[in-house]
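S.K.: could you work out the structure for the sequence below:
(4 chains)
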Protein chains: 2
Amino acid sequence: MSPPRVEAVFAALGDPTRRQLLDELSREGPKTATELAGGYPISRQAVVKHLNALAGAGVLAGERHGRDVRYRVVAGGLGDAAAWLVEVGDRWDRRLTALQRHLGPATDQT
Amino acid sequence: MSPPRVEAVFAALGDPTRRQLLDELSREGPKTATELAGGYPISRQAVVKHLNALAGAGVLAGERHGRDVRYRVVAGGLGDAAAWLVEVGDRWDRRLTALQRHLGPATDQT
DNA sequence: CTCTCATGCAACTCTGAGGTTGCACGTTAC
DNA sequence: GTAACGTGCAACCTCAGAGTTGCATGAGAG
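M.R.: Numbers count the residues shown, from 1 in each chain, chains lettered A, B, ... in the order given. Next comes the predicted model:
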């Protein structure tokens, strides 16, 4: 389950506008596509596409309230992606540590 | 420094091939573009472009060894991006927690 | 009932990133 | 020396996706 989810999340986060949208929603709470669109130099439709992309990745969710749809951040939606980043980073750090230990304490590689 | 760096990192990580390359280098250690290219269904030049993209984001670095260039993971290169993910996630969690506390313990909204 | 406003759907344009091929250059090996 | 191999540069092709516009639909407000 996780692997494909990570794929989608990174693909979604690859676009600057989508990261801004996610950031805005995370700090100001749920908003509608029309409200969000006001803050960007692009059309509402473009914003909707981005929101759908984020929703498809499981990072956002939209709930209908009568005539408008309110988008909110999904708790834990970024977890897998964050875990992947940390894992890759740590894996490399372990390699470095192991290498340094192997070479002995006299190494001062940058 | 961090903000633009995060931009570049996410842009770089947006591509599946680049994540695979990064993953492979993190787990198997430094390799040359030609070596890496062998494991992918694309040309060496394409791989080089991806490596340059990752290097530009500060996630990889290439060092020349005579006639070939060996690419390695840069320690801490993913740090800012990971921090951003965690921050956005936490920020939202805090909002949720605050909201729940504000509404009192008797809330059972779906 | 009617008007308004936000959403949903679809067709369309166009830029850019991923990919390729071809060749020149420098380094290693023989 | 020369041959072989890896890299670097540049021109080129192609297509996904970011963006647009226009219109139909449905829910609220008067």
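S.K.: so which residue is dead centre in chain A?
M.R.: A:Leu13 (4.9 Å; CA atoms, centre = their mean).
S.K.: any low-confidence regions in chain A?
M.R.: Along chain A, the model assigns pLDDT under 70 to residues A:1-4, A:103-110.
S.K.: for DNA strand D, what's the nearest residue on it?
M.R.: Residue nearest to DNA strand D within chain A: A:Gly66 (2.6 Å; CB to the nearest atom of the strand). Quick note: C-beta positions are derived from backbone N, CA and C, even for glycine.
S.K.: hmm, who's touching stretch A:39-48?
M.R.: Outside stretch A:39-48, the residues that touch it by CB atoms under 8 Å, 6 or more residues apart in numbering or on different chains are A:17, A:20-21, A:24, A:33-34, A:36-37.
S.K.: that stretch vs DNA strand D: in contact?
M.R.: Yes - Stretch A:39-48 is in contact with DNA strand D by CB under 7 Å from any atom of the strand, via A:41-43, A:45-46.
S.K.: and DNA strand D, is the strand or helix carrying A:Arg72 touching that?
M.R.: Secondary structure assignment for A:Arg72, by DSSP states H and E: strand A:68-73. No - judged by CB under 7 Å from any atom of the strand, strand A:68-73 makes no contact with DNA strand D; its nearest approach is 8.6 Å.
S.K.: immediately after that strand, which helix or strand?
M.R.: helix A:79-103.
S.K.: now for the closest residue to A:Arg44 other than its chain neighbours, how many residues are close by?
M.R.: Distance criterion CB to CB, 6 or more residues apart in numbering or on different chains; nearest residue to A:Arg44, sequence neighbours excluded, is A:Ala37 at 4.0 Å. Applying other CB atoms under 10 Å in any protein chain shown, we find 20 residues neighbouring A:Ala37.
S.K.: for A:Ala46, see how far away A:Ala37 is.
M.R.: As judged by CB to CB, to the nearest Å, A:Ala37 and A:Ala46 stand 8 Å apart.
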